[in-house]
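> 3D model of this:
(2 chains)
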2 protein chains.
Amino acid sequence: MPKESDFRLIEAPLPALTGGQLLLRTLFLSVDPYMRGRMTGIRTYADPVEIGQVMVGGTVGEVIESANSQFRLGDLVAGYWGWQEFATSDGKGLQKLDTTIGPPSAALGVLGMPGMTAYFGFLDICAPKPGETVVVSGAAGAVGSLVGQIAKIKGCRAVGIAGSDDKISWIIRELGFDAAFNYKTTTDYVERLRELCPQGIDCYFDNVGGAITDAVLPLLNVRARIAICGQISQYNTSKPEPGVRPYSYLLTKQARAEGFIVIQFAARFPEGVAQMAEWLKQGKLKYRETVMEGFATMPRALIGVLRGDNTGKMIVAIR
Amino acid sequence: MPKESDFRLIEAPLPALTGGQLLLRTLFLSVDPYMRGRMTGIRTYADPVEIGQVMVGGTVGEVIESANSQFRLGDLVAGYWGWQEFATSDGKGLQKLDTTIGPPSAALGVLGMPGMTAYFGFLDICAPKPGETVVVSGAAGAVGSLVGQIAKIKGCRAVGIAGSDDKISWIIRELGFDAAFNYKTTTDYVERLRELCPQGIDCYFDNVGGAITDAVLPLLNVRARIAICGQISQYNTSKPEPGVRPYSYLLTKQARAEGFIVIQFAARFPEGVAQMAEWLKQGKLKYRETVMEGFATMPRALIGVLRGDNTGKMIVAIR
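Residues are numbered from 1 along each chain as shown, chains lettered A, B, ... in the order given. Below you'll find the model as predicted:
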């Protein structure tokens, strides 16, 4: 588990803008579990953040100076300039925000990376069919809370697993999950899943791994699909802890487990954003943000998201 | 591990034939690892064999009496009448053998269930591309020995894992695997795989599970495909033994693990048999049989196949 002392707040003068550049003031910083993976020093699908580098992350900000004809003062943009209060940019990779479809911070959540992760990861990897049972772990997180709602939109039974009674109450009463349980107060996950999934499990959208995923395996139906989105229970282990190997279950059920990274769907993000925005407008999709205040809270916010302190999307706001 | 005393040899009079029936004399009995799964009392994708029932299995025999116009005395047929020296049949599910494309026993191996398992399991689930590295466990078995050869036909690098130096020598020198190692005399499987797969692993065709499969995970390439065909190392455990969970590896590599049962490809068996027969004729595919003699050896043959005593396809012949 990271400690606050693993981070250093560094003040530096802003560089002068050169031709084509613009200056951004950060308004919202995204806080996501994947960030832990960038802190291992190991290259996975992305380069690690080296000690001394600016920590990576999604950002929303305002253009406060511009020497770039594409951007004007006051434009709101989303980007990936990381943990900085101000940043210069040549405009590449910045996305101008349309605040008629959602507030600026939604570009870090339902209309941004977590939204695309839920939309493409669930619909493409799980390929749910109406009437099927979908189990979601990390079900009150930024991604999981959307997956369960998309499952309902697609006519599935949505069963969530989360880590507090408040989260369970939120996903059932407000988001429309059919059933859910608090893994921190449940001893026999298999037994509880068996009660909540009387028709077995057709799709499992996994954000957490570990013992929760082990418990899903005996309940898989024939041709079940597991989308591996995250493994938050394993992010602070130096190597994967021993557990149940899934192969015998996958074999007898002709089932599939597939890992994915949201970036693999990048070419189709416009489709995903349009559909999520439409569902938001129709009231079929709800979301919540856990907002912490002030740039200096970033380390604490990341530790919090790894502990599951957030309900919905964790964000740090800078006023 | 089953014991010979778990089986009972029962003699019974042959029933008289009724209209449309025929009488079969068994010539060859198939001996396959999956049979162990039928002896657990647990329903998986198939009903278990209950105590007192005839043990199931693939068979080749000769028609020695016929009251069925579709079959004549002396016809050679393959079927699934199980561990019996003689059997009656109404002809359903029997397949007449064309001995111009292979000897009768090939209907239990390269042109039968193991051949179709290798052909469809590898080509459909792994979807290999030329130049990719394919690792096969149980590589000297009935299925694995064919998978490695199909990998070579498809332009891949084929790396095998098997349990004796003789098996390793056979699959490299006679079958054309690029590399292989004996897991019984190797201590560090990951290190050995790293040496033999300098470009990483794109496809893994798994017949064994356990520690061998654990060792494949760190070497998976981006978008790797794992076909789960068998888990012979786990068949005599009452529940899966703890091991490495694969999810973190699948996630960071956007990789997939999928179980399959050959029966799911049944509608396409004619395509598979035709292609395997063609490759046999062209000399691109070789196979070997380990033949034990006499009906009473069946229990010992099954124990042998679970221990890996066979090279290629295990068969019991009855003269």
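> Check which element follows the helix or strand where A:Pro270 lies along the chain.
Here A:Pro270 sits within helix A:269-281, counting by DSSP states H and E. Next helix or strand after helix A:269-281 toward the C-terminus (DSSP H and E): strand A:289-293.
> what residues go with each domain of chain A?
Domain ranges of chain A: A:4-109+A:287-317, A:115-263, per automatic domain parsing.
> Check the average confidence over the shortest one, would you?
Averaged across domain A:4-109+A:287-317, the pLDDT comes to 95.
> what about that domain, distance to the chain center?
Relative to the mean C-alpha coordinate of its chain, domain A:4-109+A:287-317 is positioned 15 Å out (C-alpha atoms, centre = their mean, to the nearest Å).
> hmm, that domain in reach of chain B?
Yes - using C-beta under 8 Å from any C-beta of the partner chain, domain A:4-109+A:287-317 reaches chain B at A:Gly37, A:Thr44, A:Tyr45. Heads up, the C-betas are built off the backbone N, CA and C, glycines and all.
> Let me see the backbone angles for the second one.
Per-residue torsions, A:Thr44: phi -110, psi -110 (degrees, to the nearest 10).
> Skipping adjacent residues, who's closest to it in space?
B:Thr252 (4.0 Å; C-beta to C-beta, 6 or more residues apart in numbering or on different chains).
> Backbone dihedrals for the one you found, please?
According to degrees, to the nearest 10, B:Thr252 has phi -70, psi -20.
> tell me, how many neighbours does it end up with?
The tally of other residues near B:Thr252 (other C-beta atoms under 10 Å in any protein chain shown) stands at 20.
> The residue of the stretch 101-250 of chain A found nearest chain B: which element?
Using C-beta to the nearest C-beta, the closest approach of the stretch 101-250 of chain A to chain B is made by A:Leu250 at 3.7 Å. Under the criterion of DSSP H and E, A:Leu250 resides in helix A:247-252.
> still on that earlier bit, now, of the domains of chain A, which is deepest in the fold?
domain A:115-263 (a mean of 21; mean count of other C-beta atoms under 10 Å in any protein chain shown).
> Report the contact partners of the nearest residue to A:Gly109 once chain neighbours are set aside.
Closest residue to A:Gly109 apart from its sequence neighbours, by C-beta to C-beta, 6+ apart: A:Lys313 at 3.8 Å. With contact set as C-beta atoms under 8 Å, 6 or more residues apart in numbering or on different chains, A:Lys313 has these partners: A:Ser30, A:Ser105, A:Leu108, A:Gly109, A:Val110, A:Pro114, A:Ala142, A:Tyr287, A:Arg288, A:Glu289, A:Thr290.
> Where do the strands of chain A begin and end?
A:22-31, A:59-66, A:76-79, A:86-89, A:95-96, A:133-137, A:157-162, A:179-182, A:201-206, A:220-228, A:242-244, A:256-259, A:289-293, A:313-317 (DSSP state E).
> can you put those strands in TSV and add distance to B:Ala127?
TSV is the format used below for the strands of chain A (distance: least, C-beta to C-beta, whole Å):
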stretch	distance to B:Ala127
strand A:22-31	36
strand A:59-66	39
strand A:76-79	36
strand A:86-89	41
strand A:95-96	35
strand A:133-137	26
strand A:157-162	31
strand A:179-182	37
strand A:201-206	22
strand A:220-228	17
strand A:242-244	27
strand A:256-259	13
strand A:289-293	41
strand A:313-317	36
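> Low-confidence regions, the stretch 101-250 of chain A specifically.
A:240 (pLDDT under 70).
> A:His110 reaches A:Lys281, doesn't it?
You called it His, but residue A:110 is Val. No - counting by C-beta atoms under 8 Å, A:Val110 stays clear of A:Lys281, with 11.8 Å between them.
> between these two, which one's more packed in?
Applying other C-beta under 10 Å to A:Val110 and A:Lys281 shows that A:Val110 carries more neighbours, namely 29 against 12.
> With adjacent residues omitted, what lies nearest to the more buried one?
A:Val110 sits nearest to A:Tyr287 (C-beta to C-beta, 6+ apart), 4.6 Å away.
> Distance of A:Arg63 relative to chain B?
Residue A:63: Val, not Arg. 35 Å (C-beta to the nearest C-beta, to the nearest Å).
> which residue packs closest to that residue, ignoring adjacent ones?
Once flanking residues are discounted, A:Val63 sits nearest to A:Asp75: 4.3 Å by C-beta to C-beta, 6+ apart.
> residues contacting the one you found?
Per C-beta under 8 Å, 6+ apart, neighbours of A:Asp75: A:Glu62, A:Val63, A:Ser66, A:Lys96.
> can you check A:Arg157 too?
By C-beta under 8 Å, 6+ apart, the neighbours of A:Arg157 are A:Gly131, A:Glu132, A:Thr133, A:Val134, A:Ala151, A:Asp178, A:Ala179, A:Cys197, A:Gln199.
> biggest separation within those residues, which pair?
A:Gly131 and A:Ala179 (15.5 Å; C-beta to C-beta).
> Which residue is the nearest non-sequential neighbour of A:Trp279?
In space, A:Trp279 is closest to A:Leu285, 4.1 Å off (C-beta to C-beta, 6+ apart).
> Contact partners for that neighbour?
A:Leu285 touches A:Val110, A:Leu146, A:Gln149, A:Ile150, A:Ile153, A:Met276, A:Trp279, counting by C-beta under 8 Å, 6+ apart.
> measure it to chain B for me?
25 Å.
> Quick check: A:Ala317 vs A:Glu289, distance?
Look at A:Ala317 and A:Glu289: by C-beta to C-beta, to the nearest Å, they are 9 Å apart.
> shared neighbours of the two, anything?
A:Ser105.
> can you list the residues of the stretch 151-300 of chain A near chain B?
A:206, A:209-210, A:213-214, A:222, A:228-231, A:234, A:240-261, A:264.
> go again using 6 Å as the cut-off
By C-beta under 6 Å from any C-beta of the partner chain, the part of the stretch 151-300 of chain A that sits against chain B consists of A:209, A:228, A:231, A:234, A:240, A:242-245, A:247-248, A:250-252, A:254-261.
> Could you give the bridge partners of the closest residue to A:Thr26 other than its chain neighbours?
Distances taken as C-beta to C-beta, 6+ apart place A:Gly61 nearest to A:Thr26, at 4.6 Å, with adjacent residues excluded. Judged by DSSP bridges, the bridge partners of A:Gly61 are A:Thr26, A:Val77.
> Quick check, A:Gly61 in contact with A:Leu27.
Yes - assessed by C-beta atoms under 6 Å, A:Gly61 is found in contact with A:Leu27 at 5.3 Å.
> Since that was my last question, I'll sign off now.
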